[in-house]
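A.B. asks: Test case, fold it:
(one chain, ligands or ions: 2)
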Amino acid sequence: MSCIFCQIINREAPASIVYEDDLAIAFLDIEPVSEGHVLVIPKSHHARFAEMNPKTAGHLFEVAHKILKAIQASNIPCEGANLFLTDGEIAGQEVMHSHLHIAPRIRGDKHRYGYVHAEQSDYPRERLNQIADEISKLLNP
Ligand code: AMP
Ligand code: ZN
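C.D. replies: Ligands and ions are numbered 1, 2, ... in the order given. Presented below is the predicted three-dimensional model:
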């Protein structure tokens, strides 16, 4: 099994585990962006987020919610946090076993997002509505 996260699940690779249940496991990132940086992963191997069963996908957020509360109650510096998921190489995904990041934030930590926002004038309401339709018509209830 070449997936490092599956190896962690199977205890074939070391990890500092903070939480585990039937569907998910969470452990500290080996190269944290901040102290207390946790990864929450499903126990089933899915390269991409949309390949996951929706219940499992939702469960990752439930687990992240629990863990963030624990971090906030701990001595780990945490004035806020970024919860994020990189989906696909283009989005910066390096480990192809989909996972949710929890990265505590403190004032002055100098983290920056790599996003560039368009001006509102580039996306008039008509265009936003077209895009919303494009997505919503393909949503399964
Ligand atoms: P991503 O770029 O979203 O795929 O994030 C992958 C994350 O996994 C990075 O933050 C890595 O530091 C982390 N990582 C890679 N290998 C390990 C490992 N063996 N144990 C813990 N974290 C890891
Ligand atoms: Zn895997």
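A.B. asks: Checking residue 22 next. Helix, strand or coil?
C.D. replies: Following DSSP: H, G, I helix; E, B strand; the rest coil, residue 22 is assigned to coil.
A.B. asks: In contact with the residue of the chain most remote from its centre, which residues?
C.D. replies: Relative to the average C-alpha location in the chain, and by CA atoms, centre = their mean, no residue lies farther out than residue 126, which sits at 31.4 Å. When contacts are counted by CB atoms under 8 Å, 6 or more residues apart in numbering, residue 126 is found next to no other residue. Placement of C-beta: from N, CA and C, glycine included.
A.B. asks: just residue 28 next, same as before
C.D. replies: Under the criterion of CB under 8 Å, 6+ apart, the neighbours of residue 28 are 15, 16, 18, 36, 37, 38, 39.
A.B. asks: What subset of the residues you listed is buried?
C.D. replies: Among the contacts of residue 28, those classed as buried by neighbour count (16 or more other CB atoms under 10 Å) are 15, 18, 36, 37, 38, 39.
A.B. asks: Burial check on the closest residue to the third one other than its chain neighbours, number of neighbours?
C.D. replies: What that stands for is residue 36. In space, not counting the residues next to it along the chain, residue 36 is nearest to residue 76; the distance is 4.0 Å by CB to CB, 6 or more residues apart in numbering. Burial measure for residue 76: 14 neighbouring residues, criterion other CB atoms under 10 Å.
A.B. asks: For this structure, which residues are neighbours of ligand 2?
C.D. replies: Within the chain, the positions adjacent to ligand 2 are 3, 5, 6, 45, 97 by CB under 5 Å from the ion.
A.B. asks: One more pass at 8 Å, please.
C.D. replies: With CB under 8 Å from the ion as the criterion, the chain comes near ligand 2 at residues 1, 3, 4, 5, 6, 7, 9, 41, 45, 46, 96, 97.
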